[in-house]
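Undergrad: mind folding the following:
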Amino acid sequence: MIVTRVLTQDPLQGLRSVFHYDTDTDETVIETVQDVEPYLERNKNLRNNPELRAEDPEMWHVASIPAGVQLLWRKEGVDIFNREHWPEVRRRLNSPEWAYLRTRGGRI
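TA: Down below sits the predicted model:
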């Protein structure tokens with residue numbers, strides 16, 4: 001039998017931590033879940049409608065990375081807040097696999 005409970009819920013980011021316990025195997029899993037669709041739709045809208053982006057001559061908004069993706073990347077050893085990891089963050093944002101995180105064309 002698997003017991004499931006929501007541990008935390010962040011309504012601002014839509015993040016939920018869910019506890020799963022399998023009584024048969026005595027295995028515990030804590031899962032983090034986020035509906036990223038609203039973020040991806042916003043990114044797509046900004047990418048397709050440049051007039052919606054506030055442009056600063058010194059800074060460009062090139063991507064928006066949902067917290068759920070940040071957690072996934074962190075699990076894979078990539079921390080977007082660590083300057084030393086930025087070559088890998090840049091590589092990922094420039095790859096077709098993660099293109100939906102971009103808010104503008106071109107390369108970073």
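Undergrad: three-state assignment of residue 6?
TA: strand (DSSP: H, G, I helix; E, B strand; the rest coil).
Undergrad: run a quick neighbour tally on it.
TA: Residue 6 has 10 neighbouring residues, counting by other Cβ atoms under 10 Å. From N, CA and C alone the C-beta is placed, and that goes for glycine too.
Undergrad: before we move on, what about residue 20?
TA: 13.
Undergrad: A strand includes it, no?
TA: Yes. Judged by three-state DSSP, residue 20 forms part of a strand.
Undergrad: next one: residue 46 from residue 69, what distance?
TA: Going from residue 46 to residue 69 by Cβ to Cβ, to the nearest Å gives 16 Å.
Undergrad: equivalent analysis for residue 100, please.
TA: Look at residue 100 and residue 69: by Cβ to Cβ, they are 10 Å apart.
Undergrad: of those two, who's got more company?
TA: More crowded of residue 100 and residue 69, by other Cβ under 10 Å: residue 69, with 19 against 16.
Undergrad: the more buried one belongs to a strand?
TA: No. Using three-state DSSP, the assignment for residue 69 is helix, not a strand.
Undergrad: can you pull the contacts of it?
TA: 36, 101 (Cβ atoms under 8 Å, 6 or more residues apart in numbering).
Undergrad: which SS state does the residue lying farthest from the centre of the chain fall under?
TA: Distance from the C-alpha centroid of the chain peaks at residue 24, with 33.1 Å (Cα atoms, centre = their mean). Following three-state DSSP, residue 24 is assigned to coil.
Undergrad: look up how far residue 70 lies from it.
TA: To residue 70, residue 24 is 33 Å away according to Cβ to Cβ.
Undergrad: do residue 28 as well
TA: Distance of residue 28 to residue 70, given as Cβ to Cβ: 23 Å.
Undergrad: fine by me, thanks again.
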